[in-house]
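requesting a structural model of the entry that follows:
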Amino acid sequence: MTRAESILSLARRKGVMIATAESCTGGMVAAALTDVAGSSDIFDCGFVTYSNAAKVSMLGVSDRTLEAHGAVSEPVAREMADGALERSRAALAVSVTGIAGPGGSEFKPEGRVCFGLAVRGRPTTVETVEFGALGRGAVRGASVDHALDLLIRSLSD
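Prediction:
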């Protein structure tokens with residue numbers, strides 16, 4: 001059973017709808033979930049908010065948060081996950097924002113990805129993973145896998 005199939009099975013058993021909020025993965029987490037037949041009963045929607053303007057208008061991320069911390073930060077990942085939860089029928093939302101590469105900076109290196117996990121009725125959690133300069137495709141793939149693992153862990157609690 002794939003990660004996505006496990007997520008769908010667990011979510012179905014719990015009666016939980018899922019939403020995604022993605023930046024550097026460009027909808028790949030949503031695609032992984034919707035690649036599985038029958039996902040429409042537990043996957044509500046995915047927000048692809050690649051630009052800062054989209055994060056603000058679609059998810060309600062604060063301009064102040066973006067200015068203070070930048071798009072690749074735990075505070076923005078938190079607001080993205082919270083915004084996806086607020087703007088959907090989902091009870092569980094995962095967010096991804098990072099620097100897939102090439103490039104980055106001394107302060108925000110290539111391969112840094114921030115994740116948020118929002119569960120209705122619980123405090124939102126965030127974490128940063130340093131995947132390293134693996135190359136754009138590998139960082140994006142590792143980010144999708146990590147986001148799916150976060151969903152599995154949340155649904156297994």
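
now for residue 105, how many residues are close by?
11 (other C-beta atoms under 10 Å). Backbone N, C-alpha and C define where each C-beta goes, glycine included.

check the gap between it and residue 72 for me.
10 Å (C-beta to C-beta, to the nearest Å).

residue 151 now?
Applying C-beta to C-beta to residue 151 and residue 72 gives a distance of 21 Å.

neighbour count: the two, which is higher?
residue 151 (26 against 21).

which SSE is immediately downstream of the regular element (helix or strand) spanning residue 76?
If you go by DSSP states H and E, residue 76 is part of helix 74-86. Next along the chain after helix 74-86, taking DSSP H and E as the criterion, comes strand 92-98.

just to revisit the earlier point, other SSEs contacting the helix holding residue 76?
strand 18-22, strand 43-48, helix 52-59, helix 63-69, strand 92-98, strand 112-119, strand 125-130 (3 or more C-beta pairs under 8 Å, 6 or more residues apart in numbering; DSSP states H and E).

name the residues of it that are buried.
Buried residues in helix 74-86, counted by 16 or more other C-beta atoms under 10 Å: 74, 75, 76, 77, 78, 79, 80, 81, 82, 83, 84, 85.

which residues does the fourth one contact?
Going by C-beta atoms under 8 Å, 6 or more residues apart in numbering, residue 77 touches 95, 96, 97, 114, 115, 116, 126.

which of the helices and strands packed on helix 74-86 sits most buried?
Compared across the helices and strands packed on helix 74-86, strand 92-98 shows the largest average neighbour count, a mean of 30 (mean count of other C-beta atoms under 10 Å).
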